[in-house]
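In: sequence first, predicted model second:
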Amino acid sequence: MTELVKAQQLGITFGNRAVLKDLNFELERGSMTSLIGPNGVGKTTLVRLLIGTLQPTVGQLVFTPERQALHIGYVPQFRNLEAEYPLSIRSFVGLNQLKSHLPWHTKSEKQALNQILAQTHLTDLQKTTLGNASGGEKQKAYLAQALISKPDLLILDESTASLDIETKEEVMSLVAELNQEQGITVIFVTHDLELARKYTDQYLLLKRGQYEMGPIAQLDPNLELD
Ligand SMILES: Nc1ncnc2c1ncn2[C@@H]1O[C@H](COP(=O)(O)OP(=O)(O)OP(=O)(O)O)[C@@H](O)[C@H]1O
């Protein structure tokens, strides 16, 4: 396997507070990593560094190929959108597909959209408005939207938090399927160690001023995050 990203002496300081310090790790293409750690330790900060919306104070992230050539998909935490949200699941999933100069989808865009709706098991629900969809359906729609850009790296940022157990499992099974079938590299930011153990193959545990990485089977069974 080849590496997708390597952190070298990565650190970031806000004011005089070092949030991440001397972080060194590699993520292989096709790996599924749980990013875990107590509240406020810097998980979101690391995600923002990976996406490129924050710059490190020291060290660097080296992407292969370079970040500009990579597609990064992002699935946010579940938010219960208001019932009035007017877009259908299909339109929502296809939102970022539209070229700015063309207000309609091209034939190949439609085909890609159909394929992703099928992959995420949303074909039969595509006409439902997002506001009327269940929590799991909404999260699958966010996942499908992130998949439209054919991401090399998919970041699930607490995406299963506040879903019921059955729905968490459904979303994670789908992600595992995409990882297996398409080799998408996955980072799963979570406080749910049970899901992390079940669906990911390694962990990156941030502790204050330190970190630990390893195969998920070696994660301390007595670990408590908060
Ligand atoms: N832009 C910023 N400016 C100043 N401080 C920041 C900024 N972004 C994050 N922080 C601080 O950095 C620390 C880490 O925040 P971060 O959101 O990355 O933690 P987290 O591990 O994702 O927490 P949680 O599990 O609660 O989401 C926090 O103390 C936060 O207040």
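Out: Perfect, I can see it now.

In: all contacts plus neighbour counts: C-alpha atoms, from now on.
Out: Noted.

In: ok, residues contacting stretch 16-23?
Out: Here stretch 16-23 makes contact (Cα atoms under 8 Å, 6 or more residues apart in numbering) with 7-13, 41-42, 46, 59, 208-211.

In: enumerate the positions of that stretch that are buried.
Out: 19-23 (16 or more other Cα atoms under 10 Å).

In: in TSV: these, plus pLDDT and distance to the ligand.
Out: Shown next, in TSV, are the buried residues of stretch 16-23 (pLDDT from 0 to 100; distance: Cα to the nearest ligand atom, whole Å):
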residue	pLDDT	distance to the ligand
Val19	94	6
Leu20	96	8
Lys21	94	12
Asp22	95	15
Leu23	96	14
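
In: looking at those residues, spot the one nearest Asn179.
Out: Leu23 (25.3 Å; Cα to Cα).

In: and Gln8, what element?
Out: Gln8 is part of strand 3-14, with elements assigned from DSSP states H and E.

In: extract the C-alpha set from stretch 55-67 and format it as CSV.
Out: The C-alpha coordinates for stretch 55-67 follow below in CSV (Å, rounded to 0.1, in the frame of the first residue of the first chain):
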residue,chain,number,x,y,z
GLN,A,55,-2.2,26.0,8.4
PRO,A,56,0.3,24.4,10.9
THR,A,57,2.5,26.5,13.0
VAL,A,58,5.3,24.0,12.7
GLY,A,59,5.9,20.9,10.6
GLN,A,60,3.8,19.8,7.7
LEU,A,61,1.3,17.4,6.1
VAL,A,62,2.7,15.8,3.0
PHE,A,63,0.0,14.4,0.6
THR,A,64,0.7,12.0,-2.2
PRO,A,65,-0.1,13.2,-4.8
GLU,A,66,-0.2,16.8,-3.5
ARG,A,67,-3.4,18.0,-1.8
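
In: which outside residues touch it?
Out: Contacts of stretch 55-67 with the rest of the structure, by Cα under 8 Å, 6+ apart, involve 3-13, 22, 49-50.

In: check stretch 145-153 too.
Out: So stretch 145-153 is contacted by 70-75, 92-97, 112-113, 116, 154, 184-187 (Cα under 8 Å, 6+ apart).

In: out of these, which are buried?
Out: 70-75, 92-94, 97, 112-113, 116, 154, 184-187.
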